[in-house]
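J.: sequence? don't have it. structure:
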């Protein structure tokens, strides 16, 4: 017969809670990274499908699309 003392149950609960918390943190970071990549791809897709006239109205050209998506395009 296997008897679980309250001390062992508390250790098991602590270990399980710690493990689940760590997993939740990892999944949250992966989801946020995925969401950022998804937004960047949506922005890039919109710019790639824009016509040259629309891009000119925005003040960029086809060569600037990747810099705009990365966020380091500067126009002074």
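T.: Perfect, I can see it now. Nothing here was measured: the structure is a model prediction, and the numbers come from that model.

J.: what's the helix or strand of the chain with the lowest mean pLDDT packed up against?
T.: The element with the least model confidence among the helices and strands of the chain, by mean pLDDT, DSSP states H and E, is helix 6-49, at a mean of 79. Using 3 or more Cβ pairs under 8 Å, 6 or more residues apart in numbering; DSSP states H and E as the contact criterion, the secondary-structure elements in contact with helix 6-49 are helix 65-70. (Each C-beta comes from the backbone N, C-alpha and C, glycine too.)

J.: list the buried residues in the helix it packs on.
T.: Neighbour counts over helix 65-70 (16 or more other Cβ atoms under 10 Å) mark 65, 69 as buried.

J.: grab the nearest non-local neighbour of residue 64.
T.: The spatial neighbour of residue 64 that comes closest, neighbours along the chain excluded (Cβ to Cβ, 6 or more residues apart in numbering), is residue 73 at 5.4 Å.

J.: so what's the residue count around the one you found?
T.: Counted with other Cβ atoms under 10 Å, residues neighbouring residue 73 total 13.

J.: ok, residue 44 next?
T.: A count of nearby residues for residue 44, using other Cβ under 10 Å, gives 15.

J.: over to the one 4 residues further on?
T.: Around residue 48 sit 11 other residues, with neighbours defined as other Cβ under 10 Å.

J.: give the contact list for it.
T.: Under the criterion of Cβ atoms under 8 Å, 6 or more residues apart in numbering, the contact partners of residue 48 comprise residue 65.

J.: and the gap between it and residue 28?
T.: In this structure, residue 48 and residue 28 are separated by 30 Å, where distance is defined by Cβ to Cβ, to the nearest Å.

J.: circling back: where does the residue nearest to residue 64 sit: helix, strand or coil?
T.: Taken by DSSP: H, G, I helix; E, B strand; the rest coil, the conformation at residue 73 corresponds to coil.
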